[in-house]
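>>> Got a sequence here, can you model it:
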Amino acid sequence: MPAGTGGQARQISERQGFEIAVVDNRLPDERGFQVISAVRGPGVETVALLRDEDTMDRIVGLELGADYYMRSPVNPRELVARIKQISRKRSAEDSGSGKLYVGELEIDPDRVEVRKDGEEVMLSPREFNLLYTLAQSPGRVFQRGTLLRQVWGEDEYIDERTVNVYVQRLRNKLGDSSSSPKLIETVRGFGYRLARPE
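Residues are numbered from 1 along each chain as shown. Next comes the predicted model:
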């Protein structure tokens, strides 16, 4: 359902929610990233439309939960193709192969849920996909470029610093130390790994 302002988008989100939200960063009443922060949640994928001069906003957008970026004004066919790509990815994730258990983590790809010590941890779809990718091979070092390809796919706006931002967000939500992480470890010069349980 289309919305012409951020306020309308919030109302729709409260009434029925979104599966995929495409948000222009320049709305009449507020910045699009503020809307993304309001409508994001479990199972919601967000696409931010940025103009060339908005490029410096990308990190802010990542911190607020934007999952994808496209250059505005966007080609309608390209936008439809991106939405179909996201839908196919969601369908593949919905047919997941069962829960993963890594130490105190329980990761359920069918329900898109993560629990730590039995307590649910609220993650965005992209955060969940990143954690799930790492959890499929505990102890394996994933290079940032590999994580970009597996979790983000092809996106002209995304670079390797994006992985750093999302890893930090995951650590914060999972209660992992930033200065001395025990769960998602940094392997300097290579990338990241999910620690094997002792």
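>>> Which of the helices or strands spans Phe128?
Applying DSSP states H and E as the criterion places Phe128 in helix 125-135.
>>> cool, and Pro138?
Judged by DSSP H and E, Pro138 forms part of no helix or strand.
>>> Give the rounded mean pLDDT of the helix holding Phe128.
Averaged over helix 125-135, pLDDT sits at 92.
>>> Only the C-alpha atoms, please, for that helix, written as PDB.
Output of helix 125-135 as PDB, limited to C-alpha atoms (Å, rounded to 0.1, in the frame of the first residue of the first chain):
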ATOM      1  CA  PRO A 125      16.100  -9.600   8.600                       C
ATOM      2  CA  ARG A 126      19.700  -8.600   7.500                       C
ATOM      3  CA  GLU A 127      21.100  -9.100  11.000                       C
ATOM      4  CA  PHE A 128      19.400 -12.500  11.200                       C
ATOM      5  CA  ASN A 129      20.800 -13.500   7.800                       C
ATOM      6  CA  LEU A 130      24.300 -12.500   8.900                       C
ATOM      7  CA  LEU A 131      24.100 -14.400  12.100                       C
ATOM      8  CA  TYR A 132      22.600 -17.500  10.400                       C
ATOM      9  CA  THR A 133      25.400 -17.500   7.800                       C
ATOM     10  CA  LEU A 134      28.100 -17.400  10.500                       C
ATOM     11  CA  ALA A 135      26.200 -20.000  12.600                       C
END
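>>> helices or strands up against the very next helix or strand once past that helix?
Following helix 125-135 in sequence order, the next helix or strand is strand 142-143 (DSSP H and E). Here strand 142-143 touches strand 191-194, going by 3 or more C-beta pairs under 8 Å, 6 or more residues apart in numbering; DSSP states H and E. Every residue, glycine included, has its C-beta placed from N, CA and C.
>>> Just give the strands next to the strand it packs on in its sheet, each with its orientation.
strand 142-143 (antiparallel), strand 184-187 (antiparallel) (DSSP bridges).
>>> Quick one: closest of these to Thr46.
Judged by C-beta to C-beta, the one of these that comes nearest to Thr46 is strand 184-187, at 22.8 Å.
>>> what comes up buried for that closest one?
Buried residues in strand 184-187, counted by 16 or more other C-beta atoms under 10 Å: Ile184, Glu185.
>>> and that strand, average pLDDT?
93.
>>> if we can go back for a sec, I'd like the strands paired with strand 191-194 written out as TSV, with distance to Gln8 added.
Formatted as TSV, the strands paired with strand 191-194 follow (distance: least, C-beta to C-beta, whole Å):
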stretch	distance to Gln8
strand 142-143	40
strand 184-187	38
